[in-house]
Every structure is written in C-alpha cells, then in structure tokens.
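1. 3D, please:
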Amino acid sequence: MMKFKKKALAGLIVGSLGFSANAQAAWYDDAWDWIKDNIAEPVVDAGKVTLDWLDAKVIEPIAGLASDVDGYISILEATMSDHGYIDAYGLDYSPATNYAESSGSLDVITFNIKGFPEALSGISNSQARELSTIIESWGADIVGIQENWVRTDALTDNLTTATYPYRSDYWAGTPTTFGDGLLTLSPYPFSQNKVQYHEWNKCHGTLLEYLTGDVNSPDCATEKGFTITEVEIAKDFIVHFYNLHGNTGGNEANNKSDLDQVAEMIHTYSAGSPVIIVGDFNIYFARRDKNPHQYQQMIDFKIKTGITFTCEQPQADGTIKGCGRIDYIGYRGNPKYRFSHIPLEDNRLDHNNISDHPPRLGKLEWVNTYADQAVVDYPKISQNIALVSDSGKYLVAEGNGGGTVNADRNSQGSWESFKLNLEQAKYFAGCIQSGDLVSISTNAGYYFSAQSNGDLDADRTDLGSWEQFTLINHDDNSGCLENNDKVSFRSAHGKYLVGENDGDAHANRSDIGPWEIFTVKL
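-> Have a look, this model is predicted:
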C-alpha cells in the first residue's frame with residue numbers, strides 16, 4: 001500500500017514536471033481542477049498513468065540519482081515548501097541622503113552557489129550556512145547570487161544587517177517550479193518595490209527530461225531570467241544592477257534570446273543610467289570550436305549595450321581574450337559617472353570548493369565628472385507638450401483635469417496640452433533630460449497620477465510620489481528633450497504609462513513595448 005501511495009504521488013509530480021514554468025503557473029492558478037482531471041481520475045482508472053508506466057518511466061530512470069522514490073519526491077518537496085516571493089531578512093528601505101563624492105570604488109561579486117536540492121547534486125543547508133559566513137566576510141558593495149533555488153534561509157543565516165542590510169526578495173516560483181534563484185545583497189539602499197523580475201522568453205528542458213537524461217539542465221522547471229535593482233550609491237548616483245542566470249545547453253536561439261532581452265531593457269529601462277551587470281551567462285565569451293556563435297553573440301551584446309566586461313583583454317587584431325568562462329561582471333557609465341576596472345590576474349575568491357562555480361570579483365572605479373559643480377537649487381523648468389501614442393492618438397485629460405486620462409484623440413486641443421515639469425534632475429543641465437524625475441500637469445492645474453491599481457488619472461492638485469515619473473528618452477539618453485523624441489514614463493510603482501489600442505490609458509505595464517512609447521510634441 002505504501003508503494004502504491006508513493007507511485008500515486010509520483011504520478012501527481014510527473015503531471016507537473018512535463019510542463020514549462022509558464023504552463024505550471026497556469027496549473028497553479030487552478031490546482032484543484034488540474035489534480036482532479038489529470039491525477040485522481042487517471043490513477044484510479046489506471047488509464048493515462050499506470051503503475052507499470054511509472055515504474056518504467058519515472059522511478060527506475062532516476063534510481064542512480066536517488067536511492068528510492070523518497071529521494072525523488074524530496075526534490076518536489078523542496079519546491080513546494082516555498083513559493084511566491086520569499087523575504088531575505090534585510091532591513092526596510094531608507095533612501096540615500098548623501099551626494100556622491102568626486103570618485104570612489106565598488107567591489108562587485110557574482111556567485112552561482114549551486115543551490116539545488118541535494119537529490120539534484122545541490123549543496124546542503126550546512127554548506128549554504130558555510131557560504132553565508134564566507135559571503136559575510138567579503139563585505140562587498142554589491143553581490144549578485146545565482147542558483148539560490150531552495151537555500152535562502154540557510155544562505156542568509158550568517159549574514160548581518162550591518163554588512164548587507166539590503167537584500168532583494170527571492171522569487172521562489174510556484175509549488176512545482178524552483179523560481180529564478182536570484183538574490184542581490186548590498187550595504188547600499190535599494191527599494192524592493194522597484195526591483196524587477198524578468199523570466200526568459202525561451203527555455204529548454206523540464207525536470208522530468210533532466211532526471212531521465214534527455215537534457216542537461218531543467219531550465220523550464222525554473223523561472224530563470226534576470227532582476228534589475230536600483231542601488232543608491234548616493235542620492236544622485238543610482239546604479240541599475242542586473243543579476244542574471246542564462247539558459248544552459250549552448251542553444252544558439254536561446255542564447256541570442258537571453259542577450260537580446262537584457263539588451264532591450266538596458267536600452268529602454270536603463271537609458272541614461274549607470275549599469276552594472278553580473279551573472280552566470282552560460283555563454284563562453286571566447287573563440288572556441290564548440291559553440292562558436294557564443295563569442296559573436298557576446299560581441300553583439302557589447303555593441304548594443306556599451307557594456308565592458310572586467311575579464312576583457314583586447315588584442316591587437318581586434319579580438320578579445322581573457323573571458324573563457326561563463327560567469328561575468330560588466331559595467332557601463334554615463335556622462336556624469338565614468339567607470340573603469342582594475343584588471344585582476346585571478347578574480348576567483350575562495351569558497352572551500354562548495355559550489356561548482358567559483359565566486360568572481362570585479363573591482364570597479366568611478367569618477368564623478370560633475371563633482372566640481374556645486375549643488376544648487378536649480379530654477380523651475382517646464383515645457384509645453386502633447387503626447388502621441390503608438391496608435392497616433394493624443395493623450396487627453398478629460399475635462400481638462402479632474403478625471404481620467406485617455407489616449408483616443410485625433411488632434412491637439414487644450415485638453416490634450418500639458419506642462420512637463422522638472423521635479424528632480426538626474427544631473428542639472430538647464431533642460432529636461434532622460435532620467436529626470438518629472439510631473440505632467442494640465443492647463444487647469446491637475447497633475448497626472450499613477451494609481452497603485454494601474455489606473456492613470458489627472459485629478460490631483462498636490463504633488464506626491466504618485467504624481468512623479470522617471471522620463472526615459474529613447475532617442476537621446478543624455479541631451480535635452482526635443483520635438484518628436486520618443487519617450488516613456490515610469491511611475492513610482494515601477495510601472496510604465498501605456499496608450500492602449502482601444503483608446504484607454506493606464507500606468508500598469510512592467511516592460512516597455514510600442515504602446516509604452518510616446519512621441520513628444522513641443
């Protein structure tokens with residue numbers, strides 16, 4: 001009877017393992033119906049899932065991995081124990097109050113900890129606690145961790161809030177997926193409300209395929225991807241920190257999709273901002289006979305983003321050496337903050353060989369090119385504008401303010417005319433630029449306001465955080481705003497303004513696409 005129960009439970013597990021993470025998310029939303037239709041009835045009827053099939057296709061193929069089915073089931077128990085967003089036990093957000101110095105340095109570390117369940121050859125809780133002590137001893141400025149699948153509690157046990165007060169929440173996935181495995185640590189403040197979580201558009205390999213030896217990694221049983229954290233080195237120096245874990249297997253289409261997805265976010269969301277990117281790219285940035293496409297894909301990524309990797313050793317023939325690995329640290333400055341790095345002969349850090357990836361250190365240096373400019377209260381700057389959506393319709397504040405905002409007008413009138421007001425300059429240049437904090441007001445004096453439920457209204461007479469937006473200029477990330485520039489607006493909730501195709505307007509998008517880009521008419 002016990003063996004039957006184990007096989008029935010394995011049947012439930014098998015039904016979920018054959019799906020990708022996106023499919024599992026749908027299953028999670030309607031779990032009871034799924035279990036009834038796909039597990040209970042088939043097992044009772046001995047239809048789709050028979051005991052013989054389970055013996056042949058599930059239990060026996062993993063005999064070398066786990067001593068019995070209990071070991072197999074323990075894999076899923078690990079995923080079921082935690083799901084959703086998991087607290088990493090940091091402090092509440094308190095924004096930076098100091099202005100940036102004239103120069104400084106940042107010790108940045110990337111570390112894939114191999115935090116799978118032990119039945120998948122991952123580290124144990126005791127090993128994770130040992131790594132916690134090691135990470136605490138580093139006292140780094142920013143740490144990006146990958147493969148923190150099921151070890152968050154143990155990994156944070158020995159971290160102090162004096163060393164790493166700010167820690168991103170970990171996305172643990174659904175009850176049958178592992179989550180993204182990504183964790184960011186820093187002594188510098190960042191708001192959890194602004195942390196973005198992006199799953200890759202492509203993946204390859206379910207957990208069942210991995211266990212039966214058909215693939216070398218169960219990427220589709222995870223929500224692998226990347227996070228973006230806005231780390232406040234100072235109140236006027238905010239770094240967009242990208243932490244990623246790429247698809248495995250060397251698939252050319254998957255590699256390209258991963259890099260293109262990140263490059264698009266750097267080009268749009270991080271336009272005009274300093275960027276640091278770390279992670280297990282699972283791409284070899286070296287000329288190799290195996291997977292020769294990967295070197296060129298990394299070169300293309302550098303061209304698209306302006307990223308420099310700390311491992312780079314440029315050669316006389318124009319090629320790059322020194323990056324024959326898959327764990328990287330890269331950076332890109334902006335007109336105000338110029339970045340460079342100190343070359344290290346060996347950037348690996350000791351970790352008692354607990355993981356199969358050594359932690360990598362990048363020593364970055366930065367210079368504030370505006371340091372000699374005194375901090376002053378700059379004059380109020382406003383520009384008269386109209387905003388045209390991707391469908392060619394003008395944004396309109398109904399009633400000239402006091403109500404909702406739509407995107408359904410064919411021409412510009414007084415209700416479609418606004419003031420774009422500079423509220424806080426990223427660095428003051430006498431005009432409105434990409435990265436500035438702005439407000440939008442109607443001729444009747446009402447401010448646009450992004451509601452927490454995603455609505456966009458023009459009914460506020462007082463200015464607060466919901467009435468301010470970060471301007472992203474897709475045509476010029478460092479110059480003054482000009483007529484016909486393509487722009488996006490990010491709310492205090494981290495959502496983008498959107499002109500819907502049906503004429504509605506909202507502030508509820510997590511990513512920038514055509515509908516989240518507006519043409520400025522001055």
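2. can you count the residues close to residue 90?
-> A count of neighbours around residue 90, defined by other Cβ atoms under 10 Å, yields 21. All C-beta spots, glycine's among them, are computed from the backbone N, C-alpha and C.
3. so who does it touch?
-> Residues in contact with residue 90 (Cβ atoms under 8 Å, 6 or more residues apart in numbering) are 161, 164, 165, 166, 167.
4. nearest the geometric middle of the chain, what residue?
-> Central residue of the chain (Cα atoms, centre = their mean): residue 227, 1.8 Å from the mean position.
5. show me how far whichever strand or helix holds that residue is from its chain's centre.
-> Using DSSP states H and E, residue 227 sits in strand 225-234. Computed by Cα atoms, centre = their mean, to the nearest Å, the chain-centroid distance of strand 225-234 equals 8 Å.
6. elements contacting it?
-> On a contact count with 3 or more Cβ pairs under 8 Å, 6 or more residues apart in numbering; DSSP states H and E, strand 225-234 meets strand 183-186, strand 196-199, strand 237-245, helix 252-268.
7. ok, it: who's next to it in the sheet?
-> Sheet pairing here is set by DSSP bridges, and for strand 225-234 it gives strand 196-199 (antiparallel), strand 237-245 (antiparallel).
8. on the pLDDT front, check residue 428 for me.
-> Per-residue pLDDT puts residue 428 at 73.
9. narrow the contacts of residue 90 to those that are buried.
-> 164, 165, 166, 167 (16 or more other Cβ atoms under 10 Å).
10. all helices in the stretch 101-250 of the chain, in order from the N-terminus.
-> For the stretch 101-250 of the chain, the helices defined by DSSP state H, counting those that start in this stretch cover 125-138, 152-156, 207-211.
11. which one of those helices lies closest to residue 319?
-> Taking Cβ to Cβ, helix 125-138 is the member of these nearest to residue 319, at 32.7 Å.
12. now do the closest one: distance to the chain's middle.
-> 24 Å.
13. just the buried positions in that helix, please.
-> By 16+ other Cβ under 10 Å, the buried positions in helix 125-138 come out as 127, 128, 129, 130, 131, 132, 134, 135, 136, 138.
14. which one of these is nearest to residue 357?
-> The closest of the buried residues of helix 125-138 to residue 357 turns out to be residue 131 (Cβ to Cβ; 11.6 Å).
15. so what's residue 500 up against?
-> Taking Cβ under 8 Å, 6+ apart as the criterion, residue 500 is in contact with 407, 506, 515.
16. check residue 436 too.
-> Residues near residue 436 by Cβ under 8 Å, 6+ apart: 422, 423, 424, 425, 426, 470, 471.
17. for the chain, give me the ranges with low pLDDT.
-> By pLDDT under 70, the weakly predicted segments of the chain are 1-83, 175-176, 207, 211, 288-291, 373-378.
18. give me the secondary structure label for residue 299.
-> helix (DSSP: H, G, I helix; E, B strand; the rest coil).
19. then the one 4 residues further on?
-> Secondary structure for residue 303, judged by three-state DSSP, is helix.
20. tell me how far it lies from residue 277.
-> Taking Cβ to Cβ, to the nearest Å as the measure, residue 303 falls 15 Å from residue 277.
21. quick one: which of those two has more around it?
-> Neighbours were counted for residue 303 and for residue 277 using other Cβ under 10 Å; residue 277 has more, 27 against 10.
22. surely the more buried one touches residue 331?
-> Yes. Checked against Cβ atoms under 8 Å, the pair residue 277 and residue 331 is within contact range at 7.3 Å.
23. residues shared between the contacts of the two?
-> Overlap of the contact sets of residue 277 and residue 331 (by Cβ under 8 Å, 6+ apart) consists of residue 307.
24. in JSON lines: the helices of the stretch 101-250 of the chain, plus distance to residue 285.
-> Shown next, in JSON lines, are those (distance: least, Cβ to Cβ, whole Å):
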{"stretch": "helix 125-138", "distance to residue 285": "24"}
{"stretch": "helix 152-156", "distance to residue 285": "28"}
{"stretch": "helix 207-211", "distance to residue 285": "26"}
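25. out of those helices, which is closest to residue 311?
-> Closest approach to residue 311 among the helices of the stretch 101-250 of the chain is made by helix 125-138 (19.1 Å; Cβ to Cβ).
26. same for the closest one, what does it pack against?
-> Here helix 125-138 touches strand 103-112, helix 152-156, going by 3+ Cβ pairs under 8 Å, 6+ apart.
27. kindly reformat those as TSV containing distance to residue 481 and mean neighbour count.
-> What follows is these, written out as TSV (distance: least, Cβ to Cβ, whole Å; neighbours: other Cβ atoms under 10 Å):
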stretch	distance to residue 481	mean neighbour count
strand 103-112	30	20
helix 152-156	43	22
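28. tell me how many other residues crowd the closest residue to residue 245 other than its chain neighbours.
-> In space, and not counting its chain neighbours, residue 245 is closest to residue 146: 4.3 Å by Cβ to Cβ, 6 or more residues apart in numbering. Neighbourhood size, residue 146 [other Cβ under 10 Å]: 28.
29. do I have it right that residue 146 meets residue 243?
-> Yes. Here residue 146 reaches residue 243: they are 7.2 Å apart, a contact under Cβ under 8 Å.
30. list residues touching both of those two?
-> Joint contacts of residue 146 and residue 243 (Cβ under 8 Å, 6+ apart) are 110, 182, 279.
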